[in-house]
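> sequence isn't available, so here's the structure alone:
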């Protein structure tokens, strides 16, 4: 089949047939698996910080505990194992991709059960270890699911699978953000006040049970046709092909510009990530209820993020990725200043709606442009590995720095913190400007 066969097939497809692709079994499977992938993220980061603050855990400790999220930044370390290593018994029964998916989902569910049963007021060790287990399982599921999605359909269907995956992912974030707060609020004893461990136990057990959506989908899905792997005669040769070669290819293509590009990747989302860890403790300290936070930040906020992503995608096509990358960086920094303004108003639901709307819209625009930028950097021969490396690198420095956010808030207050995170965006603007002026490498 000629290289342009998928494009030709797409051109011949009617509008009705194009829309009906979202009802095909592969698309529906990806919707459910996207839900399974999106569920754990907030439960070990945003929602957990709300729970811990309500339990009276100090902000400095909450900031340090956000380092659990570094598991996502280091997933490239074990991605070659997920890609190539068979699992005893499971791989023979389910195949290479489904076996790793099922294992990862089991690890996530077990970790969520552990988090449900742990009471942070009695000590944080159990909570931390269970949260780390969830994060590692979730990152592993991401690796396996990326490979499963790519191998489950031809090029002509990849956009549809990506769209349904993102839809499922965002629905899960609403459920893990707003849903868990709603369940916890419903499970509380109205005659009591303050932190109620039983309510949070119920909420996290419901989240653990929600992982059955992904488990059942994996068991009912066909294993994609395995792609042949280049043979490796020894461990050194295998490591070179899996890890060294993608890095070497990137350096060869971009030469001196590689350092500039990597610096931009490392700091582009720094304002958002560092600020985000303290957002939920901020809501608790400002007196917002679970239902208010659920409605405004978890449901409405996610909708605005999706709107921003669509706007960012359209603007990138019309204006170019680098211009929108600059716009996203400016808006992300400015939206953090709105949180400093909100902190002066106390409990103001209308102000919360306005600030969360602006922040999530800016984040959506920035994310759309940044994903397009990262995708443009990859070589198709190493696309999965290089993209995993880039997406991991963008979290490493921001997540590490975010660990000190609670200590900063305790010492300086929320207004100074939000203003400081906005100022972190200034070097990003300089790097985007420099990257925009740098010449594109040859396609050799």
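Looks like it came in fine. Since we're looking at a predicted model, the values are computed, not measured.

> burial count for residue 430?
Under the neighbour criterion other CB atoms under 10 Å, residue 430 is assigned a count of 12. No exception for glycine: its C-beta is placed from N, CA and C like everyone else's.

> can I see the domain layout of this protein?
Using automatic domain parsing, the domain ranges for the chain come out as 23-223, 235-444.

> what residues does stretch 406-419 touch?
58-64, 275, 277-278, 281-282, 285, 336-337, 339-340, 343-344, 405, 420 (CB atoms under 8 Å, 6 or more residues apart in numbering).

> hang on, residue 183 packs against residue 200?
No: at 9.3 Å, residue 183 does not count as touching residue 200 under the criterion of CB atoms under 8 Å.

> more crowded one of those two?
Counting neighbours by other CB under 10 Å for residue 183 and for residue 200 shows that residue 200 has the greater number, 27 against 20.

> wait, what's in contact with the more buried one?
51, 116, 184.

> point out where the stretch 51-200 of the chain drops to low pLDDT.
Along the stretch 51-200 of the chain, the model assigns pLDDT under 70 to residues 153-163.

> can you give me the strands in it?
Listed in chain order, the stretch 51-200 of the chain contains no strands at all (DSSP state E, counting those that start in this stretch).

> now residue 307: which helix or strand?
Per DSSP states H and E, residue 307 falls inside helix 301-319.

> any chance you could list what contacts that helix?
By CB under 8 Å, 6+ apart, the list of residues contacting helix 301-319 reads 170, 173-174, 177, 323-324, 327-328, 356-357, 359-369, 372.

> for residue 194, what are its contacts?
Contacts of residue 194 by CB under 8 Å, 6+ apart are residue 54.

> quick one: it from residue 54, how far?
From residue 194 across to residue 54, the span is 8 Å (CB to CB, to the nearest Å).

> and residue 225, what helix or strand is that in?
Counting by DSSP H and E, no helix or strand carries residue 225.

> helices of the stretch 251-400 of the chain, start to end?
Along the stretch 251-400 of the chain, counting by DSSP state H, counting those that start in this stretch, helices occupy 257-267, 270-276, 279-285, 290-293, 301-319, 321-343, 349-377, 383-402.

> against which helices or strands is the first one packed?
Identification of packing neighbours for helix 257-267 by 3 or more CB pairs under 8 Å, 6 or more residues apart in numbering; DSSP states H and E yields helix 245-254, helix 383-402, helix 426-437.

> redo these as TSV? Include mean pLDDT.
As requested, these are exported to TSV (pLDDT from 0 to 100):
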stretch	mean pLDDT
helix 245-254	81
helix 383-402	77
helix 426-437	89
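
> closest one to residue 107 among those helices?
helix 383-402 (19.0 Å; CB to CB).

> the inter-axis angle of that closest one versus helix 245-254?
On the basis of axes from the mean of the first three to the mean of the last three CA atoms, to 10 degrees, helix 383-402 is oriented at 90 degrees to helix 245-254.

> relative to helix 383-402, how tilted is the helix or strand just after helix 383-402?
Next along the chain after helix 383-402, taking DSSP H and E as the criterion, comes helix 405-412. Counting by the same axes, to 10 degrees, helix 405-412 lies at 30 degrees to helix 383-402.

> next helix or strand past helix 405-412?
Later in the chain than helix 405-412, the nearest helix or strand by DSSP H and E is helix 414-423.
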